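> Pasting the sequence and the predicted coordinates here, then a few questions.
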Amino acid sequence: PVIGYPQAWTSGTNGVVAGDAVFATIDSPEDMTTWKGKLKGKFLLSTAMPDVPALFEAQAQRYTDDELRQLERETVPTGRGGRGGRGALGGRGGTSAFAPTRTHFLREEGVFAITTRCRGTGGTVFVGGGGSREANAPATIPAVTIAVEHYGRILRTLQKDQPVRIEMEIKNTFYDDPTSFNVVGEIPGTDKADEVVMLGAHFDSWQTGTGATDNAAGSAAMMEAMRILAQSKVPLRRTVRIGLWNGEEQGLNGSNEY
């Protein structure tokens, strides 16, 4: 079995399609000249394979009491978080300047689908977006992110001049979404009630996830903070407001509307 997920905002295949895999990095007009006429009916492996070291220790660890106390003393964020996800054509959603030209070229050449290795190892698969988020955007090339270990096996097979044939069916569907909404609540302040302290998280999720850590966990943490404030009955001079945003994955739509 090969683990893979369709990228957000990319088209489906309209049924089962089958063809040979080919590895090609197309980053310039010269590359397009090299590959012109050679990609029709192919599955394009579009990204090079990184070094994937063996893992002998757990990737996550529990903080010790001393480490937690150190975190409490920090006044400058140390950058533990970060946004993941890379589109099939580079950047989150393929935003490089050359990407539209490359996409047009691959569509004209008749590529069946673009496959790319994921960012993440040890069984974790991060999946980004590969098409336009705008309504009525032109159809894109189907794009799939494959677990890095599986992508590497396909690529190594090709590099040994052994043919790889792929059969794929992608059922991506675009829906009109007239019912997106934010959830907003607040604890009123007293003498400075017109000054608002905000906290929040997004509660929509990504098409490849369960929604648990992205981001029901964040929403639950914010709700718990509000619950503690309300239950403690500590008098608040300023209003404390929580916003749980929708459409975050679609482009920060909910918080922008707010």
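Thanks, I have the structure now. Numbering: from 1, shown residues only.

> Going along the chain, name the strands of the stretch 1-150 of the chain.
Using DSSP state E, counting those that start in this stretch, the strands of the stretch 1-150 of the chain run over residues 4-6, 17-23, 43-45, 113-117, 143-146.

> so what strands line up beside the second one?
Neighbouring strands of strand 17-23 in its sheet, by DSSP bridges, are strand 43-45 (parallel), strand 165-168 (antiparallel).

> Show me which positions of that strand end up buried.
By neighbour count on 16 or more other CB atoms under 10 Å, the buried set for strand 17-23 is 17, 19, 21-23. For the C-beta atoms, the positions are set from N, CA and C on the backbone; glycine is no exception.

> and L236, how many neighbours?
The local packing of L236 (other CB atoms under 10 Å) involves 17 other residues.

> just F98 next, same as before
Residues near F98, counting by other CB under 10 Å: 17.

> Mind pulling up the pLDDT for it?
Listed pLDDT for F98 reads 82.

> Would you check that it makes contact with S28?
Yes - at 7.2 Å, F98 and S28 qualify as touching, with contact defined as CB atoms under 8 Å.

> that older thread, how about JSON lines for the strands of the stretch 1-150 of the chain, with mean pLDDT and distance to I187 added?
Converted to JSON lines, the strands of the stretch 1-150 of the chain look like this (pLDDT from 0 to 100; distance: least, CB to CB, whole Å):
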{"stretch": "strand 4-6", "mean pLDDT": "92", "distance to I187": "40"}
{"stretch": "strand 17-23", "mean pLDDT": "96", "distance to I187": "55"}
{"stretch": "strand 43-45", "mean pLDDT": "96", "distance to I187": "53"}
{"stretch": "strand 113-117", "mean pLDDT": "92", "distance to I187": "46"}
{"stretch": "strand 143-146", "mean pLDDT": "94", "distance to I187": "42"}
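
> I'd like to know which of those strands lies nearest to E248.
strand 4-6 (18.9 Å; CB to CB).

> elements contacting the closest one?
Applying 3 or more CB pairs under 8 Å, 6 or more residues apart in numbering; DSSP states H and E, we find strand 4-6 packed against strand 143-146.

> what's next to the strand it packs on, contact-wise?
Contacts to strand 143-146, defined as CB atoms under 8 Å, 6 or more residues apart in numbering, come from residues 2-7, 10, 87-89, 113-118, 125-128, 130-131, 154, 168, 170.

> hmm, who's touching the single longest helix found in the chain?
When the chain is parsed with DSSP state H, its longest helix is helix 217-232. Residues from elsewhere that reach helix 217-232 (CB under 8 Å, 6+ apart): 185, 187, 199-203, 236, 240, 242, 244.

> For this structure, name the helix or strand with the lowest mean pLDDT.
One helix or strand of the chain scores below all others by mean pLDDT, DSSP states H and E: helix 99-109, with a mean of 89.

> From the contact counts, what lies against it?
Short answer (3+ CB pairs under 8 Å, 6+ apart): helix 99-109 packs on helix 29-35.

> average pLDDT across the helix it packs on?
Rounded mean pLDDT across helix 29-35 is 94.

> Perfect, that will be all.
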